[in-house]
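Student: Any chance you could fold what I've pasted below:
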Amino acid sequence: IKDTLLRTSGVVLVNDPKRADIVIWGRVVGIGQMPLALSSVNGIQEYQLEVILDAHATGYNGVELWHGGSIIGTAINYMSPNLSLIQTTQQYATNTAAMNAAVRLVNYMAHSIGSASFNPMTLQNQVGGTPLTPGTPLPNGSAVPGPAPGGTP
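Tutor: Predicted structure coming up:
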């Protein structure tokens, strides 16, 4: 999931949650397989692998901005008589399902937070609750800059 977030445009990952504007956290609540393709000769030839996430997004002050339960990512897992090939396809399916779940997570979260906070001041109040006046400290340790010389305050 972290790899998918690293490839997501506009997302910057930090290791310290105290330095983050939004903290995404959650857990895998389920992984399952169900047969998709059956053969009367070979039995099950294909499974669908599912990874189910329960995720939250909170502002750096701990206020929950979004909660998405049961975000599902899926991938096909093909069967083979070759054990090493089965292990390879199973690992590939697991990685693909996790990536699909992460992409859905980011899309759902961005859409939900964007819809709930169309007014930027609403999101600001949820996340930080302080007005963005010059000198206001930001989560990354810097401060809101003042107006450019000759600009209006």
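Student: helix, strand or coil for Lys18?
Tutor: Using DSSP: H, G, I helix; E, B strand; the rest coil, the secondary structure recorded for Lys18 is helix.
Student: Next up, phi/psi of the nearest residue to it once chain neighbours are set aside, please.
Tutor: What sits nearest to Lys18 in space, not counting adjacent residues and going by Cβ to Cβ, 6 or more residues apart in numbering, is Tyr60, at 7.0 Å. Glycine gets a C-beta too; all of them are placed from N, C-alpha and C. Backbone dihedrals for Tyr60, given as degrees, to the nearest 10, come out at phi -60, psi -10.
Student: what about Tyr60, neighbour count?
Tutor: Look at Tyr60: counted by other Cβ atoms under 10 Å, it has 17 neighbours.
Student: thinking it is in contact with Ile22, fair?
Tutor: Yes. If you go by Cβ atoms under 8 Å, Tyr60 and Ile22 touch, sitting 7.4 Å apart.
Student: Tell me where this protein has helices.
Tutor: All helices of the chain, identified by DSSP state H, fall at 2-6, 83-116, 120-127.
Student: For Gly30, which residues count as its bridge partners?
Tutor: Ile52 (DSSP bridges).
Student: separation between it and Ser70?
Tutor: Distance of Gly30 to Ser70, computed by Cβ to Cβ, to the nearest Å: 9 Å.
Student: Find residues that contact each of the two.
Tutor: Shared contacts of Gly30 and Ser70 (Cβ atoms under 8 Å, 6 or more residues apart in numbering): Ile52.
Student: quick revisit: any idea how far the residue nearest to Lys18 is from Gly69?
Tutor: Remark: distance between Tyr60 and Gly69 (Cβ to Cβ) = 23 Å.
Student: still on that earlier bit, just put the helices of the chain in CSV and tack on mean pLDDT.
Tutor: Listed next are the helices of the chain as CSV, based on pLDDT from 0 to 100:
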stretch, mean pLDDT
helix 2-6, 74
helix 83-116, 81
helix 120-127, 46
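Student: which of those helices is buried the deepest?
Tutor: Mean neighbour count (mean count of other Cβ atoms under 10 Å) peaks for helix 83-116 among those, with a mean of 16.
Student: How far off centre is it?
Tutor: Centroid displacement of helix 83-116 relative to its chain, using Cα atoms, centre = their mean, to the nearest Å, is 9 Å.
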